[in-house]
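Novice: Need coordinates for the following:
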Amino acid sequence: MSVTIYHNPDCGTSRNTLAMIRQSGVEPQVIEYLKTPPGRERILELVAAAGLTLRQALRQKDTPYAALGLDDPALDDAALLDAIAAHPILLQRPFVVTPKGVRLCRPSEVVLEVLENPDIGRFVKEDGEVLDGRQAF
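Specialist: Sure, this is the predicted structure:
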């Protein structure tokens, strides 16, 4: 199964998601999206395939969201896309792409919805939360 994760290694949710993918028996293609940002078209594809709007895909915490005035409801998708393209940190993470679909994996266990083998068994998140992959979805 082909799996791609748009990953930020500084993000615990992203690290947990990557670990769950690997625990399922898959070595994914890892794209560190801050080093290799997806293009505008790819951003739109990911967001749409995940069933989100651009506004829902914006990350507010620890980003220039407020400084750029992105909370203004009058801003259209073109303006939001311009902001994400200029500041990739504004894109929520991690997005995971598999043949079963695309998900924004927040929380990280959402990844189980699109893995071929979601029965990953017991998984302990970095914060100590224990998941039983057999019961998640």
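
Novice: Identify the residue nearest the most centrally placed residue in the chain in space, chain neighbours excluded?
Specialist: Centroid-nearest residue in the chain, with C-alpha atoms, centre = their mean: P94, separated by 2.0 Å. Excluding its sequence neighbours, the residue lying closest to P94 (C-beta to C-beta, 6 or more residues apart in numbering) is S14, at 4.2 Å. In short, each C-beta sits where N, CA and C put it, glycine included.

Novice: so what's G101 bridging to?
Specialist: Counting by DSSP bridges, G101 is bridged to T98.

Novice: before we move on, back to that, pretty sure the residue nearest to P94 sits in a helix.
Specialist: Yes: per DSSP: H, G, I helix; E, B strand; the rest coil, S14 lies within a helix segment.

Novice: That one: how many residues sit nearby?
Specialist: Using other C-beta atoms under 10 Å, S14 has 24 neighbouring residues.

Novice: how far away is the residue nearest to the centre of the chain from N117?
Specialist: Going from P94 to N117 by C-beta to C-beta, to the nearest Å gives 18 Å.
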